[in-house]
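**Student:** just coords:
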């Protein structure tokens, strides 16, 4: 049989690709001489056989392009060190790159980006971390390379006013500030991004701007009204308090302790550690004044009219001892009566340890820890004759980094807190101690016991009525808006 013929013609058409692929090159807004970065090349359609031969880099060295997907490649480029100008990256089509239809890569594609020799970085250093209200301080502004177009108008100041501005070099400037007399906690100097440009040797390029803003600040403290003298030295700011009565006259120097955060307690492997030294983070939000020495027999006598100490044969500059926590409360009441704007108190144990550590994390805050620097029982290997067997005159031994003498050893020092056996391991802010309880806290060690008890973290619980020839105290003064700063 004869089959049925094709009733009608059938056809199909397939488009012929005759359009060559194109590409786009993505580079950073700028590159730094000597650095390595990745350039991204994206084709308009899938391509085959794209390789190093199809690229060109002027101003750097390149690696073989790495295929990310059928249209995207990445190429690592190292910019030549010590050059300036522009980095030139091209896809030139000299290789065998083509699309899937066989069309070769079309017109050359070029991308340029500026080359910087270094990234412009600024820094502001204030002459002091603390400023008394209404006083002057200086801000040293430095850059890591020469800059152009930097003026005093580029410096923003809050909490104070601008004074004289001078250029010290093409990389450094000095601005004088006056801290606000009231209404501010900080005087701050800041420079915003883009305030100035670096100085490029390329005459056709204005230079790169400051990319990240910088700032510096100082803590403002009101001049204490109770102070008979104030000043600053290598340890920071100090204020003297003078007390006069019918029983005599005495001067106590206080050190300004700044606010901050520290790790209270001791590490599990610290030699001499006791179980009540839980390590945890503490933030002290308010600065305070702390006596740079233990309260002297002379100051106690001036306020109280009698000297309870056992070691009276060595002069009134010996620290007062044989005073209970309760006795100290009576003394503080008398002192505050004599100096109504003082508000003297005992430090909390968090304040005490914060000041004792003075920014250190070691068991002791002193640079050298020997029987020569700490008044305690002899260290291992010391002769028995090295043991002083009594307190020393205040300020006889080296101060810690914040100017506090005999903070380790000499006499145990009362703190305001009720004793808590465990302080916890979580972060806390301005801990006042337990709301109730009997025993109080002693800190700092003494002349009688071994050095392990003189560590910054060492704590002892004792009843508030106890008194011995190994216990004294150190006065604290809070900062208040009125009177104390």
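**Tutor:** Sure thing, it's come through. Worth saying up front: this structure is predicted, and the values here are computed from it rather than measured. Numbering: from 1, shown residues only.

**Student:** tell me the phi and psi of residue 107?
**Tutor:** Residue 107 has phi and psi values of phi -70, psi 150 when expressed as degrees, to the nearest 10.

**Student:** Run through the bridge partners of the most centrally placed residue in the chain.
**Tutor:** Nearest to the centroid of the C-alpha atoms of the chain, with distances taken as Cα atoms, centre = their mean, sits residue 260, at 8.8 Å. Under DSSP bridges, the beta-bridge partners of residue 260 are residue 284.

**Student:** Check residue 147 too.
**Tutor:** The residues listed as beta-bridge partners of residue 147 by DSSP bridges are residue 198.

**Student:** That one: neighbour count?
**Tutor:** When neighbours are defined as other Cβ atoms under 10 Å, residue 147 has 23 of them. (C-beta placed from N, C-alpha, C; glycine too.)

**Student:** Go ahead and confirm it touches residue 173.
**Tutor:** No. When contacts are counted by Cβ atoms under 8 Å, residue 147 is not listed as touching residue 173 (9.1 Å).

**Student:** what does the model give the residue nearest to the centre of the chain for pLDDT?
**Tutor:** According to the model's per-residue confidence, residue 260 sits at a pLDDT of 93.

**Student:** residues touching it, list them.
**Tutor:** Residue 260 sits next to 283-284, 354, 359 when contact means Cβ atoms under 8 Å, 6 or more residues apart in numbering.

**Student:** and if you look at residue 459?
**Tutor:** Residue 459 makes contact with 274, 276-277, 349, 419, 441-443 under the criterion Cβ under 8 Å, 6+ apart.

**Student:** now those residues in a markdown table, with distance to residue 111, secondary structure and pLDDT?
**Tutor:** Output for the contacts of residue 459, formatted as a markdown table (distance: Cβ to Cβ, whole Å; DSSP: H, G, I helix; E, B strand; the rest coil; pLDDT from 0 to 100):
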| residue | distance to residue 111 | secondary structure | pLDDT |
| --- | --- | --- | --- |
| 274 | 66 | coil | 96 |
| 276 | 66 | coil | 95 |
| 277 | 61 | coil | 96 |
| 349 | 64 | helix | 97 |
| 419 | 70 | coil | 97 |
| 441 | 68 | strand | 98 |
| 442 | 71 | strand | 98 |
| 443 | 66 | strand | 98 |
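
**Student:** what would the residues you listed look like in a markdown table with distance to residue 369?
**Tutor:** Listed next are those as a markdown table, based on distance: Cβ to Cβ, whole Å:
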| residue | distance to residue 369 |
| --- | --- |
| 274 | 18 |
| 276 | 22 |
| 277 | 18 |
| 349 | 22 |
| 419 | 26 |
| 441 | 23 |
| 442 | 20 |
| 443 | 17 |
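
**Student:** quick check, nearest of the residues you listed to residue 222?
**Tutor:** Comparing these against residue 222 with Cβ to Cβ picks out residue 349 as the nearest, at 26.7 Å.

**Student:** The closest one contacts residue 433, doesn't it?
**Tutor:** Yes. Counting by Cβ under 8 Å, a contact exists between residue 349 and residue 433, whose distance comes to 6.8 Å.

**Student:** Looking at the two, which is more packed in?
**Tutor:** Neighbour count, other Cβ under 10 Å: between residue 349 and residue 433, residue 349 has more, with 27 against 18.

**Student:** which ones are touching that one?
**Tutor:** Applying Cβ under 8 Å, 6+ apart, one finds that residue 349 lies in contact with 415-417, 433, 441, 443, 459.

**Student:** Let's see that with 6 Å instead.
**Tutor:** 415, 417, 441, 443 (Cβ atoms under 6 Å, 6 or more residues apart in numbering).

**Student:** List the beta-bridge partners for the third one.
**Tutor:** With beta bridges defined as DSSP bridges, residue 441 has these partners: residue 461.

**Student:** ok, it touching residue 413?
**Tutor:** No. With contact defined as Cβ atoms under 6 Å, residue 441 does not reach residue 413; the gap is 9.3 Å.

**Student:** who has more neighbours, the two?
**Tutor:** When neighbours are counted by other Cβ under 10 Å, residue 413 comes out ahead of the other of residue 441 and residue 413, with 27 against 23.

**Student:** Give me the nearest residue to the more buried one, chain neighbours excluded.
**Tutor:** Taking Cβ to Cβ, 6 or more residues apart in numbering as the measure, residue 413 lies nearest to residue 444, with 4.7 Å between them; neighbours along the chain are not counted.

**Student:** my guess is that neighbour contacts residue 414, does it?
**Tutor:** No. Counting by Cβ under 6 Å, residue 444 stays clear of residue 414, with 9.8 Å between them.

**Student:** Around the nearest residue to residue 182 once chain neighbours are set aside, how many other residues sit close by?
**Tutor:** Setting aside the residues directly before and after it, residue 182 is nearest to residue 133 in space (Cβ to Cβ, 6+ apart), at 6.4 Å. Look at residue 133: counted by other Cβ under 10 Å, it has 19 neighbours.

**Student:** Kindly report the same for residue 291.
**Tutor:** 24.

**Student:** Report the separation between it and residue 405.
**Tutor:** Distance of residue 291 to residue 405, computed by Cβ to Cβ, to the nearest Å: 9 Å.

**Student:** Okay, buried residues for the lengthiest helix in the chain please.
**Tutor:** Ranked by number of residues, the top helix in the chain under DSSP state H is helix 325-338. With burial defined by 16 or more other Cβ atoms under 10 Å, the residues of helix 325-338 counted as buried are 325, 327-328, 331-332, 334-336.

**Student:** the strands in the stretch 101-250 of the chain, which residues?
**Tutor:** 109-116, 122-126, 130-132, 136-143, 147-148, 156-158, 160-167, 172-179, 186-191, 197-198, 214-221, 229-233, 236-245, 248-257 (DSSP state E, counting those that start in this stretch).

**Student:** cool, the stretch 301-450 of the chain as well?
**Tutor:** In order along the chain, the stretch 301-450 of the chain carries the following strands (DSSP E, counting those that start in this stretch): 412-418, 428-429, 440-443.

**Student:** Now render the ones you listed as CSV, adding distance to residue 391.
**Tutor:** Putting these into CSV (distance: least, Cβ to Cβ, whole Å) gives the following:
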stretch, distance to residue 391
strand 412-418, 11
strand 428-429, 33
strand 440-443, 15
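
**Student:** Which one of those lies nearest to residue 217?
**Tutor:** Taking Cβ to Cβ as the measure, these were each checked against residue 217, and strand 428-429 came out nearest at 20.5 Å.

**Student:** how much distance is there from that closest one to the middle of the chain?
**Tutor:** What separates the centre of strand 428-429 from the centre of its chain is 18 Å, taken as Cα atoms, centre = their mean, to the nearest Å.

**Student:** List the contacts of that strand.
**Tutor:** Judged by Cβ under 6 Å, 6+ apart, the contacts made with strand 428-429 from elsewhere in the structure are 282-283.

**Student:** burial count for residue 212?
**Tutor:** Per other Cβ under 10 Å, the neighbour tally for residue 212 reads 11.

**Student:** cool, residue 126 as well?
**Tutor:** The local packing of residue 126 (other Cβ under 10 Å) involves 19 other residues.

**Student:** quick one: it and residue 217 touch, right?
**Tutor:** No. At 7.1 Å, residue 126 and residue 217 do not qualify as touching, with contact defined as Cβ under 6 Å.
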